[in-house]
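> build me a structure from this.
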Amino acid sequence: MNNEKILSNNKYKKLVHDLQKLVVEGRSKAEAASQKFLVDTYWKLGQRIEGEQLTGVAGYGESIMNDLAQDLKTDVRTLQYAVAFFKVYGTNPRDRDISWSHFRLLIGVENKKERAYYETMIEKEGWTRDQLLAAIRGDLYLTHNGSQSKTAPKLKRPDEATYIYRAKVDKVIDGDTLLLQIDLGFQVWKEQRVRLAGLDAPAKDKKGGHEALDYVRTQMAKAQTVMVKTHRIDIYGRYLGHMFYSLEAHADRAEVFSKGRYLNQELLDRGLVKSFIAKT
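Next up is the predicted model:
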C-alpha cells in the first residue's frame with residue numbers, strides 16, 4: 001500500500017474544512033442567485049400587470065387580480081406587491097444585493113432619499129430583513145440625517161388599551177381627518193369621521209395641505225393593519241383618534257397598538273402638521 005495516499009488526521013481535517021467552506025460559499029451564491037431571480041421575476045410581473053392599466057374601471061382591476069391570483073396559484077397580496085414594486089422601482093433592480101423580502105419593506109418607504117439610505121445600509125452593513133423593519137419603524141433615517149425637527153412636539157403615545165378598534169380607511173379627507181370603517185366586533189362596522197388627536201393640518205387648498213394629505217393617503221394605502229384609539233368628541237362634533245398601523249401583513253393587533261407606527265407623531269416629526277390642543 002502506498003502510504004502517500006493515506007490522509008493524516010490533520011490533512012483529513014483540512015480537507016473537511018475546505019469542503020465545508022466550498023459548500024457554504026456555494027449555498028450562499030445559490031441563495032443570492034435565487035434572490036436575484038425572485039426580484040427579477042416580481043418586477044417583471046408588476047410591469048406586465050401594470051401595463052394592462054387594470055385600475056381604470058372601478059372594481060374591475062380587483063376582480064381581475066383575484067382571478068389572476070387563483071390561476072397563478074398565488075395570493076392577491078403578492079401580485080399587489082409586484083405592481084407596487086414596479087411602480088416604485090421604474091428600473092429593474094435585480095443586480096442589487098437586496099433580497100425580495102427587503103424590497104417588500106422598501107416599497108413602503110415613500111421618500112426616495114430615505115429609501116436610498118436603507119438600500120445602502122442593506123448592501124454595506126448586511127442588514128437582515130428584521131433589522132430593516134426595526135430601522136423603518138424607528139425612523140432611523142430621520143435620526144441619522146438630523147432631519148427630524150428638534151423642536152417637534154412629542155405627543156404622549158396612548159398606552160391604555162381601552163377604546164381601541166381595528167379600522168379600515170374609506171377616505172383621507174385631509175392631513176388630519178379620515179373617514180373610517182371601525183370594527184366594533186361581532187361583524188358590526190361603523191362609519192366614523194375621525195380627526196387625528198393633537199394635530200392641525202393645513203387645508204387642502206393651503207400651502208402644505210396637499211403634502212400632508214398625500215402622506216396620510218400613501219401610508220394608509222400601504223398599511224396592512226390599522227388600529228385607532230378614539231378620544232373625546234371635539235367642539236366640532238368629530239371624534240378624536242390616535243392612529244397606529246403596520247406595513248406588515250398579519251401583524252398582531254396588540255403589537256400594532258403598542259409598537260407600531262404612530263401616524264399622529266409621524267406627521268409632526270415630518271413638519272407636515274402643527275401641534276394642536278383641542279378645546280372642550
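> residue contacts, D170?
D170 sits next to 178-181, 191 when contact means Cβ atoms under 8 Å, 6 or more residues apart in numbering. (Each C-beta comes from the backbone N, C-alpha and C, glycine too.)
> again, 6 Å this time
The neighbours of D170, taking Cβ atoms under 6 Å, 6 or more residues apart in numbering as the test, are 179, 181.
> then the one 10 residues further on?
For L180, the contacting residues are 167, 192, 194, taking Cβ under 6 Å, 6+ apart as the criterion.
> residues making contact with stretch 79-89?
In contact with stretch 79-89 (Cβ under 6 Å, 6+ apart) are residues 42-43, 45-47, 49-50, 65, 69, 104, 107.
> now with 7 Å?
If you take Cβ atoms under 7 Å, 6 or more residues apart in numbering as the criterion, stretch 79-89 is touched by 42-43, 45-47, 49-50, 65, 68-69, 103-104, 107.
> need those residues in TSV with distance to L240, pLDDT and secondary structure, can you?
Converted to TSV, the contacts of stretch 79-89 look like this (distance: Cβ to Cβ, whole Å; pLDDT from 0 to 100; DSSP: H, G, I helix; E, B strand; the rest coil):
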residue	distance to L240	pLDDT	secondary structure
Y42	40	89	helix
W43	42	93	helix
L45	42	88	helix
G46	38	88	helix
Q47	43	89	helix
I49	40	85	helix
E50	38	86	helix
M65	36	81	helix
L68	41	85	helix
A69	38	84	helix
F103	36	94	helix
R104	33	92	helix
I107	31	90	coil
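> just flag the most distant two among those residues.
L68 and F103 (20.3 Å; Cβ to Cβ).
> compare the two (neighbour count), which wins?
F103 (24 against 15; other Cβ atoms under 10 Å).
> so what's the residue count around the residue nearest to E211 when sequence neighbours are not counted?
Once flanking residues are discounted, E211 sits nearest to L272: 5.8 Å by Cβ to Cβ, 6 or more residues apart in numbering. Other residues lying near L272 total 21 when counted by other Cβ under 10 Å.
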